[in-house]
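Engineer: Predicted model follows, preceded by the sequence.
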Amino acid sequence: MSEIRKDPVVNKWVITLDDKEFSPKKDAKLEPSPKTHDPECPFCTGNEAGCGREIASVRTGDKWQVRVVPNNRPYLRVETPLKRRGEGMFDTVSDTGANEVIIETPVHNADLDTIDLSGVTSIVEMYRDRINDLARDTRLEYMLIFKNRGSGAGGKISHLNSQLMAMPVVPQSVQDEIDCSKKYFDLKKRCVYCDIVENERMFKERVVADTGKYLLIAPFASRAPFEMWILPAFHSSHFNHINGEEAASLARILKDAVARLNKAVGMPAYNYMIHTAPVKSGSLVHYHWHIEILPRLRPIAGFEWGSGFCINPTFPEEAAAYLRDVL
Ligand SMILES: [Zn+2]
Ligand SMILES: [Zn+2]
Ligand SMILES: [Zn+2]
């Protein structure tokens with residue numbers, strides 16, 4: 001049985017099927033190190049000097065828990081003056097921005113599900129604080145927080161980290177969400193994401209966990225097997241406005257999501273990204289920040305590149321049932 005589903009926000013299509021023969025690609029699983037400390041690892045304690053100037057950190061006593069350092073091969077640079085240029089019909093913009101690495105734990109082989117709640121709360125608060133700090137640079141339009149976990153998800157270093165890319169433009173995928181949710185709001189006078197929260201709570205079949213403040217779901221038009229979204233159950237367009245209590249509650253569900261994923265799929269490679277409104281915009285009634293978690297179990301092939309469709313060999317309702325019961 002298969003079905004073509006439409007994402008209710010950005011209207012992208014997903015071919016959803018129940019493929020019994022589906023098997024994850026070769027590098028789709030992590031191979032966790034048995035070591036809690038690896039002297040060869042650039043992010044382990046003792047190797048701090050090799051990471052460049054520390055931008056921020058969370059410390060208890062003289063030990064760091066979370067550290068932020070510049071990416072040693074940055075795509076974007078703060079020193080570059082902002083310049084937008086046209087070359088005939090083609091547009092370019094200078095590589096002005098920042099590319100930071102958030103080292104999320106001093107323990108070499110830790111993951112979000114093995115770090116304690118206060119540690120994960122510090123990570124979430126660090127995401128927020130770095131966005132707010134970089135927002136003071138008025139040349140920058142957007143700060144994307146993302147995680148590449150495992151080589152199958154583009155991760156180069158196994159020690160747990162996320163990255164922040166601060167850009168002089170708003171990424172088109174976020175702009176599409178903002179534009180489409182504006183259309184939905186103009187038509188219905190409701191936020192599409194608030195509607196998703198209400199509908200998923202009503203249908204229940206795609207809900208993985210619900211803490212009251214946050215909802216963890218397998219989205220209706222999941223693009224990948226075991227894709228999950230974390231949605232605040234309250235309306236807010238800006239992730240960087242979360243307070244301490246909301247950060248602790250978010251940390252709890254993020255930890256829970258990773259624990260379920262690791263248990264259900266056996267430590268898959270995955271990406272997650274925080275989608276939030278651009279820092280310079282005021283609060284938006286039609287946009288709602290969220291986290292998208294995408295396990296990278298299958299490659300993206302020609303049909304997907306050519307059509308913008310995704311193919312998902314696992315129905316989200318089945319994935320949700322499995323993720324719900326796995327812990
Ligand atoms: Zn390490
Ligand atoms: Zn909303
Ligand atoms: Zn999104």
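Structural biologist: Great, that's in hand. Ligands and ions are numbered 1, 2, ... in the order given.

Engineer: Up against ligand 1, what does the stretch 51-200 of the chain have?
Structural biologist: By the rule CB under 5 Å from the ion, the part of the stretch 51-200 of the chain lying against ligand 1 is 108, 159. Yep, even glycine has a C-beta here, placed from its N, CA and C like the rest.

Engineer: Residue 16 should be in a strand, yeah?
Structural biologist: Yes. Residue 16 forms part of a strand when assessed by DSSP: H, G, I helix; E, B strand; the rest coil.

Engineer: give the contact list for it.
Structural biologist: Listed by CB atoms under 8 Å, 6 or more residues apart in numbering, the contact set of residue 16 reads 2-5, 221-222, 312, 315-316.

Engineer: Redo the residues you listed as JSON lines? Include pLDDT.
Structural biologist: Formatted as JSON lines, these follow (pLDDT from 0 to 100):
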{"residue": "2", "pLDDT": "93"}
{"residue": "3", "pLDDT": "96"}
{"residue": "4", "pLDDT": "96"}
{"residue": "5", "pLDDT": "96"}
{"residue": "221", "pLDDT": "98"}
{"residue": "222", "pLDDT": "98"}
{"residue": "312", "pLDDT": "96"}
{"residue": "315", "pLDDT": "96"}
{"residue": "316", "pLDDT": "97"}
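
Engineer: Out of the residues you listed, list just those in helices.
Structural biologist: Mapping the contacts of residue 16 onto helices (DSSP state H) picks out residue 316.

Engineer: Strands - which of the contacts of residue 16 land there?
Structural biologist: Of the contacts of residue 16, the ones assigned to strands by DSSP state E are 2-5, 312.

Engineer: Show me which of these is closest to ligand 1.
Structural biologist: Closest approach between these and ligand 1, by CB to the ion: residue 312, at 33.4 Å.

Engineer: beta partners of the closest one?
Structural biologist: Here residue 312 sits in beta bridges with residue 16, as judged by DSSP bridges.

Engineer: Surely it is in contact with residue 223?
Structural biologist: Yes. The pair residue 312 / residue 223 is scored as a contact, 6.2 Å apart, by CB atoms under 8 Å.

Engineer: which residues do those two both contact?
Structural biologist: Contacts common to residue 312 and residue 223, judged by CB under 8 Å, 6+ apart, are residue 14.

Engineer: Looking at those two, which one has more neighbours?
Structural biologist: A direct count of neighbours by other CB atoms under 10 Å for residue 312 and residue 223 places residue 312 higher, at 25 against 20.

Engineer: In CSV, list the contacts of residue 16 along with distance to residue 299.
Structural biologist: Converted to CSV, those look like this (distance: CB to CB, whole Å):
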residue, distance to residue 299
2, 19
3, 22
4, 21
5, 21
221, 20
222, 17
312, 13
315, 20
316, 20
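
Engineer: Would you write a PyMOL line that selects the buried entries of the contacts of residue 16?
Structural biologist: Buried members of the contacts of residue 16, defined by 16 or more other CB atoms under 10 Å, are picked up in PyMOL with:
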select buried, resi 5+221+222+312+315+316
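
Engineer: In TSV: the contacts of residue 16, plus distance to ligand 1.
Structural biologist: Formatted as TSV, those follow (distance: CB to the ion, whole Å):
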residue	distance to ligand 1
2	43
3	43
4	43
5	40
221	37
222	32
312	33
315	37
316	34
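
Engineer: the helices in the stretch 1-150 of the chain, which residues?
Structural biologist: 117-134 (DSSP state H, counting those that start in this stretch).

Engineer: List the contacts of whichever residue of it sits closest to ligand 2.
Structural biologist: Nearest to ligand 2, among the residues of the stretch 1-150 of the chain, is residue 9, at 11.1 Å (CB to the ion). Going by CB under 8 Å, 6+ apart, residue 9 touches 177, 180-181, 184, 192-193, 196.
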